[in-house]
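K.L.:
Make a model of this:
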Amino acid sequence: MPRPKSKIELISLSQGNFDKLIDLVNNYPEEKVNQTFPAGTLNRDIKDVLAHLHQWHLLMLEWYRVGMKGEKPDIPFPGFTWKTLPALNRKIREENKDIPLKETLKLLLHSHLEIHKIMDKHSEEELFEKKRYHWTGTTSLAAYLISNTSSHYDWALKLIKKSLK
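P.N.:
Numbers count the residues shown, from 1 in each chain. This next block holds a predicted model:
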């Protein structure tokens, strides 16, 4: 499906890709779920991928909270830039490596629902109008939400499938 261009498409694609991801994880046998990915992947297993998604949800929620107060959030994270993203993703992996899969799934579901509350509360214009909010720069709130939901879930699905072939 192409990039969402309406509130309905945004919510639908986000939820659809999330459901596909959770179904994929839930339908793998236990040995597959716990299988280590091939060398060269930052996230070493399914749990790491799900923790990665959850932590990026939390980043998005913080950007939104700070930005909607009229302040400029530290994007992507204090001390990091888009150029140092690999280091941030390594930090996320390291900080979440000991959280059990079951707990990671609960956290991911909760943060996914929190992100959807943002989608639900805004009008289509508020979501898709570029430069509407100072903190989103030249883009729209929807662009941030897409990157942190449907596009990120699609990345996770592909990574898991490829890594567990």
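
K.L.:
Helices along the chain, start to end?
P.N.:
All helices of the chain, identified by DSSP state H, fall at 7-27, 30-33, 46-68, 85-96, 101-121, 124-128, 141-148, 150-163.

K.L.:
Tell me which residues touch His122, please.
P.N.:
Counting by CB atoms under 8 Å, 6 or more residues apart in numbering, His122 makes contact with Lys7, Leu141. C-betas here are computed from N, CA, C, even on glycine.

K.L.:
Then Ile99?
P.N.:
Lys47, Ala51, Leu107.

K.L.:
Could you report the distance from the second one to His122?
P.N.:
This points to Ala51. When distance is defined by CB to CB, to the nearest Å, Ala51 is 27 Å away from His122.

K.L.:
repeat for Arg93
P.N.:
Distance of Arg93 to His122, computed by CB to CB: 31 Å.

K.L.:
do Val33 as well
P.N.:
35 Å.

K.L.:
Output stretch 115-124 in CSV with nothing but the alpha carbons.
P.N.:
C-alpha atoms of stretch 115-124 as CSV (Å, rounded to 0.1, in the frame of the first residue of the first chain):
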residue,chain,number,x,y,z
ILE,A,115,0.6,6.5,19.4
HIS,A,116,-2.8,5.7,18.0
LYS,A,117,-4.4,8.1,20.6
ILE,A,118,-2.4,10.9,18.9
MET,A,119,-3.7,9.8,15.5
ASP,A,120,-7.3,9.7,16.8
LYS,A,121,-7.2,13.1,18.5
HIS,A,122,-6.1,15.1,15.5
SER,A,123,-8.0,16.1,12.4
GLU,A,124,-6.8,15.1,9.0
